[in-house]
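Engineer: requesting a structural model of the entry that follows:
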Amino acid sequence: MSVTDSDPLLFLPGLLNDAVLWRAPIDALADRAAAAVADLTLDDSIAAMARRALTAAPPRFSLVALSMGGYVAFEILRQAPERVTRLALFDTGAGPESDARAADRRRGMDQLKVGRFAGVTTRLLPKLVHASHVHGPVGEAVKAMAERVGGAAFLRQQRAILDRADSRPLLAEIRVPTLVAVGEDDLLTPPALAREIHQGIAGSRLHVLAACGHLPPLERPEATSALLRDWLEG
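Structural biologist: Down below sits the predicted model:
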């Protein structure tokens with residue numbers, strides 16, 4: 001299989017992420033598929049994010065998503081399931097927001113409205129990445145992405161996440177080859193949520209990445225790229 005006869009890849013970033021999140025796997029898979037990264041910073045609902053991504057996407061594509069991007073992926077499968085040929089979900093969940101997490105998000109939004117956008121701080125990093133990556137290039141990349149995305153987009157994304165639909169009923173309808181992956185040390189969307197998705201999608205494959213937090217494409221780029229290559233060639 002060559003890049004000319006593979007379905008294009010559409011990558012969906014997470015909250016406060018941009019295209020840099022997916023740079024390593026895109027480069028590693030350049031011989032297999034053309035790739036694009038959707039902009040999920042412009043809308044304040046998951047449905048609108050999905051519509052915008054579909055408008056810019058090719059007619060049919062393989063879909064790769066992380067965290068908030070996973071919520072958008074589920075919405076794309078509601079709006080245009082016939083256009084998705086494969087699905088890879090990293091560090092995401094299918095259910096709605098818990099009351100505790102929703103309260104945390106609203107507190108963060110309220111603080112931003114009366115203060116300066118702090119982005120991803122060194123204090124927050126241990127919730128996002130494995131302890132071995134808090135200090136060093138991965139942690140710096142995460143902070144730089146958040147700064148580029150900015151406070152206004154952060155508020156839009158948080159509103160979208162809070163209002164997202166429960167995608168658990170959709171899982172049984174997904175029939176495309178599906179990879180579900182998660183960092184074993186992910187504190188935000190722990191492996192139990194990945195297992196729920198895996199159990200809900202018939203024939204899906206589950207992979208847990210060792211010594212990895214919420215952002216495998218940055219923390220474990222080689223392993224992430226290898227998983228995606230196997231998924232594409234399987």
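
Engineer: quick one: the helices in this protein?
Structural biologist: For the chain, the helices defined by DSSP state H cover 23-28, 46-56, 68-79, 99-114, 125-128, 137-162, 191-200, 216-219, 221-233.

Engineer: what's the most buried one of those?
Structural biologist: helix 216-219 (a mean of 26; mean count of other Cβ atoms under 10 Å). C-beta coordinates here come from the backbone N, C-alpha and C atoms, glycine included.

Engineer: thinking again about what came up before, out of the helices of the chain, nearest to residue 39?
Structural biologist: Nearest to residue 39, of all the helices of the chain, is helix 46-56, at 7.2 Å by Cβ to Cβ.

Engineer: quick one: mean pLDDT for that closest one?
Structural biologist: Throughout helix 46-56, pLDDT has a mean value of 98.

Engineer: now do it: which elements does it pack against?
Structural biologist: helix 68-79, helix 137-162 (3 or more Cβ pairs under 8 Å, 6 or more residues apart in numbering; DSSP states H and E).

Engineer: residues in contact with that helix?
Structural biologist: Identification of contacts with helix 46-56 by Cβ atoms under 8 Å, 6 or more residues apart in numbering yields 10, 12, 36, 38-40, 42-43, 71-72, 75-76, 78-80, 83, 160-161, 163-165.

Engineer: how far does that helix sit from the chain's center?
Structural biologist: Chain-centre distance of helix 46-56: 15 Å, with Cα atoms, centre = their mean, to the nearest Å.

Engineer: just stretch 104-111 next, same as before
Structural biologist: Mean-position distance between stretch 104-111 and its chain equals 21 Å (Cα atoms, centre = their mean).

Engineer: low-confidence stretches in the chain?
Structural biologist: When residues are selected by pLDDT under 70, those of the chain lie in 1-5, 114-115.

Engineer: export the helices of the chain to a markdown table and tack on distance to residue 171?
Structural biologist: Formatted as a markdown table, these follow (distance: least, Cβ to Cβ, whole Å):
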| stretch | distance to residue 171 |
| --- | --- |
| helix 23-28 | 24 |
| helix 46-56 | 16 |
| helix 68-79 | 9 |
| helix 99-114 | 20 |
| helix 125-128 | 26 |
| helix 137-162 | 19 |
| helix 191-200 | 3 |
| helix 216-219 | 21 |
| helix 221-233 | 18 |
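
Engineer: who touches the closest residue to residue 149 other than its chain neighbours in this structure?
Structural biologist: Counting by Cβ to Cβ, 6 or more residues apart in numbering, residue 149 lies nearest to residue 16, which is 4.9 Å off, once chain neighbours are set aside. Residue 16 is in contact with 119, 120, 145, 146, 149, 153, 154, 157, counting by Cβ under 8 Å, 6+ apart.

Engineer: centroid residue for the protein?
Structural biologist: Nearest to the geometric centre of the chain sits residue 66, at 1.3 Å (Cα atoms, centre = their mean).

Engineer: I'd say that residue and residue 25 touch.
Structural biologist: No: with contact defined as Cβ atoms under 8 Å, residue 66 does not reach residue 25; the gap is 10.6 Å.

Engineer: the residue nearest to residue 149 and residue 131: what is the separation?
Structural biologist: For residue 16, the distance to residue 131 (Cβ to Cβ, to the nearest Å) stands at 20 Å.
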